[in-house]
Every structure is written in C-alpha cells, then in structure tokens.
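S.K.: Model the structure of this input:
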Amino acid sequence: MHHHIFDSELVHLERVLANVQRNAFRSTYWRDRVEQLSKYPEADFYRQRISRLTRLVAELDAESPR
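M.R.: Residues are numbered from 1 along each chain as shown. This is a model prediction of the structure:
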C-alpha cells in the first residue's frame with residue numbers, strides 16, 4: 001500500500017473510532033480494518049497509533065450488549 005494511502009486510512013480510522021456510536025457497525029468490522037493495517041510494512045512506523053485503534057475497538061467490544 002502506498003504510504004499516502006496507508007496514512008489516509010489510518011487517519012480515517014482514528015477519526016471514526018474516536019466518534020463511533022455503538023452499534024453503528026459491528027466491532028468485528030472495525031477490528032478487521034485495523035488488523036489489515038497492521039499487516040503492511042508501514043505499520044512498524046505507526047505501531048503506537050495502531051495499538052490505540054486496537055484498544056478503541058476493544059472498548060467497543062466491552063460496551064456491546066451480549
């Protein structure tokens with residue numbers, strides 16, 4: 001993935017996950033998107049930001065009714 005596209009995707013997920021309303025999408029959707037980013041070589045440079053997104057998704061899981 002081109003660096004600019006990767007960065008744009010990361011910024012998008014940071015914005016959305018910071019403001020996502022519960023049940024807007026299933027948390028598995030967000031988890032999959034974040035996991036996809038972590039597979040690219042660029043991920044090493046952005047490891048802290050990706051970890052933060054992973055924590056936000058985990059918080060969505062915790063808030064979801066079972």
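
S.K.: Report all helices and strands that the helix or strand where Asp7 lies contacts.
M.R.: Using DSSP states H and E, the secondary-structure element containing Asp7 is helix 3-19. For helix 3-19, the helices and strands in contact under the criterion 3 or more CB pairs under 8 Å, 6 or more residues apart in numbering; DSSP states H and E are helix 27-38, helix 47-63. Backbone N, C-alpha and C define where each C-beta goes, glycine included.

S.K.: what's the angle between that helix and helix 27-38?
M.R.: Helix 3-19 and helix 27-38 are oriented at 150 degrees to each other (axes from the mean of the first three to the mean of the last three CA atoms, to 10 degrees).

S.K.: Need the mean per-residue confidence for helix 3-19.
M.R.: Helix 3-19 carries an average pLDDT of 90.

S.K.: Tell me who's in contact with the residue nearest the centre of the chain.
M.R.: Centroid-nearest residue in the chain, with CA atoms, centre = their mean: Val34, separated by 3.7 Å. Neighbour list for Val34: 13, 50, 53-54, 57 [criterion: CB atoms under 8 Å, 6 or more residues apart in numbering].

S.K.: Now distance to Pro41 and neighbour count too, for those, in CSV please.
M.R.: Rendered in CSV, the data for the contacts of Val34 read as follows (distance: CB to CB, whole Å; neighbours: other CB atoms under 10 Å):
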residue, distance to Pro41, neighbour count
Leu13, 18, 22
Ile50, 13, 21
Leu53, 18, 24
Thr54, 18, 17
Val57, 22, 22
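
S.K.: ok, back up a step: nearest to Ala18 among the helices and strands packed on helix 3-19 would be which one?
M.R.: Comparing these by their distance to Ala18 (CB to CB), the top pick is helix 47-63, with 7.1 Å.

S.K.: ok, back up a step: report the buried residues of the helix holding Asp7.
M.R.: Applying a neighbour-count criterion of 16 or more other CB atoms under 10 Å, one finds 6, 9-10, 13, 17 buried in helix 3-19.
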